[in-house]
Structures are given as C-alpha cells and as structure tokens.
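Engineer: Below are the sequence and a predicted model; questions follow.
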Amino acid sequence: MVKKLIYIFQFVALALVNMACLDSFLPESKDFDDLLVVEGKITDLPESNLIRISRSRPLNEPAADFPVQNAVVRIVEDGTSGHQLSEVSPGLYTTNSDVFKGRVGAEYVLHIFLPEKQKNYISKPVRIRQTPPIENLYFEFKEQFVGGAEAPVQGYDIFLDTSDPLGNSKFYRWEYHETWMVNAFFNSYLEFVDNEIRSRTVDISVCYPTSRSTQLLLGTSLNLSEDKIRRQRLAYIDNRTRRLSMAYTMLVRQYVLSPESYEYHRQLQQITENMGTLFDPQPFELVGNMVCEEDPDERVLGYFDAVSVAEKRLWIRRSDVLDFRIPGASFCQADTVPLSGVGEHIRLNFSEVFGEFMPGIYLLAPRSCVDCRNFGPAIRPDYWE
C-alpha cells in the first residue's frame, strides 16, 4: 500500500504576512519523506530574480522552513549562456540585475547542484511568452455580507480587463503590490525623551503601509471565443480597513503562463483557497517541473517559471470614494497629564505625547493614534503622486 505522505513547503515570500491561527489537529507524520522544494521565477524586468530552495517538513513541525544552503544555482538561456545566482540569505538565491534579465522568446533551464548530497537537479525548459498589456484597471462600489455580520460592509471591488488579439496568451496570472497613505489621528509636534518634553524632530503623522497579494489570482480564456479577460476581480477593499481613508495605489503585474504552469498553479489555487494564503504551509504533495538527474524517480516539489511582465498602476483618492468612517476613531481619546506623570502614563498606557494643553500640562493618546509608524514607514515612496 502506498503510504500517505504529508508535506509542507513555503513559497517565495518578499514580505512577511501575519495570518490568523486556527485550532486544528496536526497528525503525526511518521511516513514523512525529506524532499527538495524549489520555488521562484525569472522575468524580463531589469530587477533581481529570486529562487528559494528548501526541504519539505512534516505538518506537525514548527512553522519554519528548512533552507538549503551552499547550493550551486545556475540559469541557462537557450542551452548556451549561463548565469550563476548568489545566495543572499539561507536558501534564497538571486540573479544580478546588472547582467541578467529574461528575454521574450528565450528558453530557460534552472540547474541546481547540492554539494553535500552530490546531486544535480534540473528544470524542464520554460520559454518566456509575450504578455499583452493590461487594458483597464478600475474599481466599483459594492456592499457585501462578511463573516455572518447583520449588516453588509461597504467597499470597492478592483477589476482588470486584458486581451490578446493574436490569441496566443490564454493562461494568465496576476500579482499586486498595494500602498496607502495613513494619517495619525493626532499630529504630534512634541516628544518625551529622558524625562523631558522637547520638539519632535521626525514627522510621524503621515505613513505609507504596503502589502502584497496573498492569493493566487488566475484566469483563462481557453473556452472563450476570443482571448479576452473581462472583469477579472483582483481584490475587495472595504471600510473595515484604513486603505481608502486618504489615498491608495495598487501596482498590478500580469503574466502569461504555459498550459503546464497554469495547471500547476490551478491545483495550488484550489488547495490554498481551502487553507489560507499562498504563504501558508501547504499539506499536500504537488510535484512541479524539477527533476533529479541522478534519480529521475525522486519527487521534487515546487515550480520554476519564466515570464514576461505587463504592469499597470491604479490610484484611488479619497474624493473618488465614499467618506468611510475611519476604523479605530472612537479609540483615539486624548488625556491631559502634568509633566510629572507623563512618563508613568506612557509606561502604563502605551501612550505618546503629542501636544501641550496648557503650560506644564500635556496631551497624550494611545501610541497607535499618534505615531503612524505602527502601520507602516513614514517614508514617502518614490512613485507616490
């Protein structure tokens, strides 16, 4: 009888994602096999490409990956020229953006050599397909019930339109990176340092949190008369967050996949939709396009891909949407405190001084209401309009 195996692997993640924990039964995995996991892709953009190499782990192990270090990793283009990747952190290998980027029409193979095991792993050849441009990126108001609430939440769906007049694309994937402006409820011009009140030297009133898509977003026109994608839903932003309180932007990346890559990611999508996000541990065995040269029967998890990228940015201003009530506003109440009590108030209430009520009496409020850096960096991105 074939033994039931339970594997977990983690995918390339460029930012940490905090997810809710669910109480669940974690079965013992006595039949666990130690498998290689390879994940990553190269693009035609002038930026570094990341490949993560790790070992699978049992379901009942702590949520930490087992990185594979000191591997020799190369990407070969059209069977001739090769580019060696550098290990920038345990198990994470990157290309040099100054000398390497993918090229539409070229074929790429990922080579991995593990010195400790004296084994070579190689991907099936993947060719970069031309990705058509994103035609439209837009948002529409929508009310919907969430989590058994008695009243619907209000928000906006974000949609995308694209098409390929030549009919060569058919299989699509999308990712996005979002940034929004957050204002502190109280503008602080004072700070408490070394038991003294002094003028604040760093502006902590405006910040720019960022986040990445955590779900697999796939679409296909395979069964349609034309190679067109219409009203592809990317995200829903509701009034329970502060994303639309000031200004919001989303940068969307579109990729065209091969039929094999699409099928792999479609299966992965089905499982992640039932379990959480792309960055959550996955209790299944999903073999991709990597093969061990010395032992072709060895199972290797994950997928190596090569894609071209089409990008489009969406902006949503406060004037474009309903005047949502900002979450947490009722929590932000100010206290008046004499100088002698400021230090204790800060220590006991996790508060922050933000102004002077009258000589010797200062205004304090919860830190998250004064210092917007609780939500993201107080650094204006270069792309911010």
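Structural biologist: Sure, I can see it.

Engineer: okay, and for the stretch 101-250 of the chain, where does confidence drop off?
Structural biologist: Within the stretch 101-250 of the chain, not a single segment meets pLDDT under 70.

Engineer: Strands of that one, residue ranges please.
Structural biologist: For the stretch 101-250 of the chain, the strands defined by DSSP state E, counting those that start in this stretch occupy 107-114, 119-123, 126-127, 134-144, 153-163, 171-180, 182-183, 190-193, 196-199, 206-207, 210-212, 217-220, 228-238, 247-256.

Engineer: What pairs with the fifth one, parallel or antiparallel?
Structural biologist: It refers to strand 153-163. In its sheet, strand 153-163 lies beside strand 134-144 (antiparallel), strand 228-238 (antiparallel), with partners assigned from DSSP bridges.

Engineer: coming back round to it: dump the strands of the stretch 101-250 of the chain into TSV; add mean neighbour count and distance to Val342 as well.
Structural biologist: No exception for glycine: its C-beta is placed from N, CA and C like everyone else's. Output for the strands of the stretch 101-250 of the chain, formatted as TSV (neighbours: other C-beta atoms under 10 Å; distance: least, C-beta to C-beta, whole Å):
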stretch	mean neighbour count	distance to Val342
strand 107-114	20	58
strand 119-123	19	60
strand 126-127	18	61
strand 134-144	15	44
strand 153-163	20	39
strand 171-180	21	32
strand 182-183	18	24
strand 190-193	16	5
strand 196-199	10	7
strand 206-207	18	24
strand 210-212	14	33
strand 217-220	18	49
strand 228-238	17	38
strand 247-256	22	34
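
Engineer: Just the endpoints, please. Distance across stretch 309-322?
Structural biologist: Using C-alpha to C-alpha, to the nearest Å, the gap from the first to the last residue of stretch 309-322 comes to 33 Å.

Engineer: Buried residues in that stretch, which are they?
Structural biologist: For stretch 309-322, the neighbour count (16 or more other C-beta atoms under 10 Å) marks 309-310, 312, 314, 316, 321 as buried.

Engineer: pLDDT score for the residue nearest to Phe113 when sequence neighbours are not counted?
Structural biologist: For Phe113, the nearest residue in space outside its immediate sequence neighbours is Val72; the separation is 4.2 Å by C-beta to C-beta, 6 or more residues apart in numbering. What the model reports for Val72 is a pLDDT of 97.

Engineer: tell me, how many neighbours does Tyr383 end up with?
Structural biologist: Using other C-beta atoms under 10 Å as the criterion, Tyr383 is surrounded by 9 other residues.

Engineer: Check the gap between it and Thr162 for me.
Structural biologist: With distances defined as C-beta to C-beta, to the nearest Å, the gap from Tyr383 to Thr162 amounts to 22 Å.

Engineer: and what of Ser169?
Structural biologist: As defined by C-beta to C-beta, Ser169 lies at a distance of 8 Å from Thr162.

Engineer: Now the common contact residues for the two.
Structural biologist: With contacts defined as C-beta atoms under 8 Å, 6 or more residues apart in numbering, the residues shared by Ser169 and Thr162 are Pro132.

Engineer: So which residue is dead centre in this protein?
Structural biologist: The geometric centre of the chain, computed from its C-alpha atoms, lies nearest to Arg212 (C-alpha atoms, centre = their mean), at 3.2 Å.

Engineer: Quickly list what that one is bridged to.
Structural biologist: Using DSSP bridges, the beta-bridge partners of Arg212 come out as His177.

Engineer: sorry, back to before: relative to Ala378, which of the buried residues of stretch 309-322 is nearest.
Structural biologist: Looking at the buried residues of stretch 309-322 and their distance to Ala378, the nearest is Ile316, at 21.2 Å (C-beta to C-beta).

Engineer: wait, the closest one sits on Leu137?
Structural biologist: No: here Ile316 lies out of contact with Leu137, judged by C-beta atoms under 8 Å, at a distance of 10.6 Å.
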